[in-house]
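Chemist: I would like the atomic coordinates for the input below:
(one chain, ligands or ions: 1)
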Amino acid sequence: MPAPENALKTALEHGETQSGLWLTLASGAVAEIAGKAGFDWCLIDAEHGPNTLTTIQTQLQALAGTPAHPVVRVPSGEDWILKQVLDLGVQTVVVPMVNTPEQAAQVAAAVRYPGQGSRGMGATLARASGYGEIVDYMSSANEQIFLFVQIESRQAVENVDAIVATPGVDGIFVGPADLSADMGFVGQTDAPEVLAAIDHVYARTKAAGKTIGTVVFDDADFPVQIDKGVTFLGLGADSFALQSALRTLASKAP
Ligand SMILES: O=C(O)C(=O)C[C@H](O)[C@@H](O)CO
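Modeler: The predicted structure follows:
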């Protein structure tokens, strides 16, 4: 029995738009609700969300019963966290703050077993292999991994061609907030200079035949991103619960 098919990878490689939700609340219940809502994927944010490996595991278990494909953004691209997140059964990962082709090569190696990388051999006992049930996991896992690296600095934009050409990098995820801040436009993700940099990254990623991802929070921006070629599109976050509460209060207030 081989590693399970990564249906999100298959869809993205066929150029299908896949929309998702950012999970920042580190809650299994919220993950289950979001997973049932109809998103193609739900991203467990371990960079900015208060997540531990235990809360990540809980949310993966909650998502397992839903149609949404689980994605994890790790806190950083260090080998040890990538190994532990993949051993939890994650097949699609987002690595923040990748600024050089050397970093891209390092994280690409960390998410795949020897032959294509340097991932440690421990999944036989882990959730990833069904605790040993998937006997061919080690020999088939590499092909089901989908790796996004985040372009979110001036240095990364300058290096985009070399980063996107790195073997094992499957997609580029643009971080508008961090990129705009690094460019000197804190909080101004719509600054012309920022938009031009993002368009450049999109163009170079498209030219390399790789997947483009990003996350936006303005409804009007969703079709704009799709028209620009984004197929891995975050449509918001679970912290929208606040907006829902405020709307309920506003509509019910005497
Ligand atoms: O820099 C960004 O923007 C991202 O990487 C996405 C944010 O971290 C996400 O939390 C949405 O604001």
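Chemist: not counting sequence-adjacent ones, nearest residue to the residue of the stretch 1-150 of the chain found nearest the ligand?
Modeler: Residue of the stretch 1-150 of the chain nearest the ligand, by CB to the nearest ligand atom: residue 48 (5.0 Å). Every C-beta, even on glycine, is put in place using the N, C-alpha and C of the backbone. In space, not counting the residues next to it along the chain, residue 48 is nearest to residue 24; the distance is 6.4 Å by CB to CB, 6 or more residues apart in numbering.
Chemist: these two touch, right, that neighbour and residue 237?
Modeler: Yes: using CB atoms under 8 Å, residue 24 is in contact with residue 237, at 5.3 Å.
Chemist: what's the distance between residue 43 and residue 133?
Modeler: From residue 43 across to residue 133, the span is 26 Å (CB to CB, to the nearest Å).
Chemist: the two: which is more packed in?
Modeler: residue 43 (29 against 8; other CB atoms under 10 Å).
Chemist: pull the strand or helix carrying that one out as CSV, backbone CA atoms only.
Modeler: Using DSSP states H and E, residue 43 sits within strand 41-45. Provided in CSV are the C-alpha atoms of strand 41-45 (Å, rounded to 0.1, in the frame of the first residue of the first chain):
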residue,chain,number,x,y,z
TRP,A,41,-7.8,23.1,1.6
CYS,A,42,-7.3,24.4,5.1
LEU,A,43,-3.9,25.7,6.2
ILE,A,44,-2.7,25.2,9.7
ASP,A,45,-0.5,28.2,10.4
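Chemist: pull the residues that contact that strand.
Modeler: Contacts to strand 41-45, defined as CB atoms under 8 Å, 6 or more residues apart in numbering, come from residues 8, 18-24, 31, 34-35, 51, 56, 59-60, 63, 68-73, 92, 94, 232, 234.
Chemist: so which of those residues belong to strands?
Modeler: Counting by DSSP state E, the part of the contacts of strand 41-45 found in strands is 18-23, 69-73, 92, 94, 232, 234.
Chemist: can you name the residue of this structure nearest the ligand?
Modeler: Closest approach between the chain and the ligand, counting by CB to the nearest ligand atom: residue 175, at 2.7 Å.
Chemist: average pLDDT for stretch 73-91, rounded please.
Modeler: Averaging pLDDT along stretch 73-91 yields 98.
Chemist: residue 73 and residue 93 touch, don't they?
Modeler: Yes: the criterion here is CB under 8 Å, and residue 73 meets it with residue 93 at 7.4 Å.
Chemist: so what's residue 241 up against?
Modeler: With contact set as CB under 8 Å, 6+ apart, residue 241 has these partners: 25, 30.
Chemist: and for residue 123?
Modeler: 86-87, 129, 137-138, 141.
Chemist: same thing with residue 88?
Modeler: 53, 56-57, 60, 126-128.
Chemist: tell me the two of the ones in strands among the contacts of strand 41-45 that are most distant?
Modeler: Between any two of those, the greatest separation by CB to CB is 17.5 Å, found for 19 and 72.
Chemist: who's more crowded, those two?
Modeler: Taking neighbours as other CB under 10 Å, residue 19 and residue 72 compare with residue 72 leading, 27 against 18.
Chemist: returning to that earlier point: the residue of the chain closest to the ligand: neighbour count?
Modeler: 24.
Chemist: buried residues, stretch 1-19. List them.
Modeler: Of all the residues in stretch 1-19, those buried under the rule 16 or more other CB atoms under 10 Å are 3, 6-9, 11-12, 18-19.
Chemist: endpoints of that stretch, how far apart?
Modeler: Chord length of stretch 1-19, first to last residue, is 30 Å (CA to CA, to the nearest Å).
Chemist: that older thread, for the contacts of residue 123, pick the one with the most neighbours.
Modeler: Comparing the contacts of residue 123 by number of neighbours (other CB under 10 Å), residue 86 comes first, having 25 neighbours.
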